[in-house]
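Engineer: Predicted coordinates and the sequence they were generated for:
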Amino acid sequence: MKWFSHSEPSGSQHPPARPSLEQLEDRTVPTVIVGDFEGLGLYRFEDATGWKQLTGLHPTQVATDSRGDVVASFRDLGLFRFEDATGWQRLTTLIPDHLAIGGTTGALGTANGAVVGSFEGMGVYRFEDATGWKQITAFEADALSINARGDIAGDFFGNMLLRYRDVGGWQQLAPIRAESFQINDNGDVVGSFRNIGVWLFRDATGWNRLTSVEARSVSLNDNDDVVGDFEDFGVYRSLGGTTSFQQLTRDEVEESNESEHGPVHDNREIGITSDRNVVADFGNHSLDVFDSSGARRSIAPFDPQLLDVA
């Protein structure tokens with residue numbers, strides 16, 4: 001399909017990587033964070049480098065993975081992926097309605113550069129370095145998540161949560177809409193469902209309910225640690241997929257549906273890392289992290305318009 005070209009843009013048609021002109025607060029946090037800050041551009045945080053500006057442009061969507069790769073869509077420019085080795089690369093001139101990035105795969109952590117997007121009138125496509133773009137389904141998704149193996153979780157038709165694997169294809173996980181969900185590298189899926197709470201799906205056990213209270217947003221790491229933002233209750237964390245939750249704060253994260261650069265479709269205002277750190281945007285001019293003990297501190301003196309955590 002000619003619209004999905006695997007090439008780099010020329011001239012000024014891509015978001016340039018620039019040296020940091022304004023420093024955000026640099027604190028050591030074992031995680032990857034990407035955030036779009038008004039007037040500053042798109043920044044990524046990693047342990048080794050702290051905050052680094054990736055571009056002065058503002059994306060309409062952004063996502064990151066545990067390897068530090070970033071995928072972002074830019075109005076009138078298309079969909080781009082940033083990797084440290086190659087910088088910015090345009091994956092397509094089209095802009096998806098929903099996107100996600102997967103990271104690495106294989107026992108040795110071989111990079112596959114997996115990106116998934118749902119494109120209006122075209123369906124869901126997955127990009128991998130070895131194969132380029134491949135149509136996964138002709139149906140459009142309402143939301144997407146992808147892991148390092150290229151497995152995809154998607155909400156379809158407003159009433160169905162599905163999972164895709166190369167071996168076996170599509171599998172229906174739930175016949176109802178997930179208000180928020182995420183797939184981890186094991187293929188486990190956490191979902192928050194209206195009126196019935198937060199549930200965790202594992203192949204060995206199927207669905208297990210973690211709490212009867214629905215969350216506005218949930219996130220999952222590879223240890224099946226779960227974090228959720230619960231309206232009127234605050235932010236809670238569960239370790240190992242258990243029903244025991246620890247309250248981190250009564251504050252609720254900021255829900256972003258619109259930025260100054262367009263509608264926000266896939267913004268993740270809260271996330272949990274492999275080290276059980278929780279990163280959250282509370283909309284109080286501060287981006288905060290809770291460490292494994294529950295201690296809270298600010299890692300940036302600005303709240304981002306767009307945020308993703310890996």
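Structural biologist: Sure thing, it's come through. Source: prediction; values computed, not measured.
Engineer: wait, isn't P175 in contact with G158?
Structural biologist: No. With contact defined as C-beta atoms under 8 Å, P175 and G158 do not form a contacting pair (11.7 Å). Any C-beta I mention is one placed from the backbone N, CA and C, and that applies to glycine too.
Engineer: Can you read off the pLDDT for E260?
Structural biologist: With respect to pLDDT, E260 scores 48.
Engineer: Extract the residue ranges of the stretch 51-200 of the chain that are flagged as low pLDDT.
Structural biologist: 104-111 (pLDDT under 70).
Engineer: so who does R202 touch?
Structural biologist: 186, 188, 208, 224, 241 (C-beta atoms under 8 Å, 6 or more residues apart in numbering).
Engineer: which phi and psi does it have?
Structural biologist: phi -120, psi 150 (degrees, to the nearest 10).
Engineer: Can you give me the pLDDT of the residue lying closest to S274 once chain neighbours are set aside?
Structural biologist: If you skip the residues right next to it in sequence, S274 has N221 as its closest partner in space, 5.2 Å away by C-beta to C-beta, 6 or more residues apart in numbering. N221 is assigned 94 on the pLDDT scale.
Engineer: give me the number of residues near D232?
Structural biologist: The tally of other residues near D232 (other C-beta atoms under 10 Å) stands at 7.
Engineer: ok, the helix or strand harbouring G35: who's next to it in the sheet?
Structural biologist: With elements delineated by DSSP states H and E, G35 resides in strand 33-37, which encompasses its position. Partner strands for strand 33-37, per DSSP bridges, with pairing direction: strand 41-46 (antiparallel), strand 306-309 (antiparallel).
Engineer: sorry, back to before: pull up the gap between the residue nearest to S274 and P304, please.
Structural biologist: Computed as C-beta to C-beta, to the nearest Å, the N221 to P304 distance reads 21 Å.
Engineer: got it, and D288?
Structural biologist: D288 sits 12 Å away from P304, going by C-beta to C-beta.
Engineer: what do these two both touch?
Structural biologist: D281.
Engineer: more neighbours, the two?
Structural biologist: Each of D288 and P304 had its neighbours counted (other C-beta under 10 Å), and the higher figure belongs to P304 (26 against 21).
Engineer: quick one, what contacts that one?
Structural biologist: 35-37, 281, 287.
Engineer: Which of the three states applies to the nearest residue to D166 once chain neighbours are set aside?
Structural biologist: Counting by C-beta to C-beta, 6+ apart, the nearest residue to D166 once its immediate chain neighbours are dropped is G150, at 6.6 Å. Here G150 is coil, with the state taken from DSSP: H, G, I helix; E, B strand; the rest coil.
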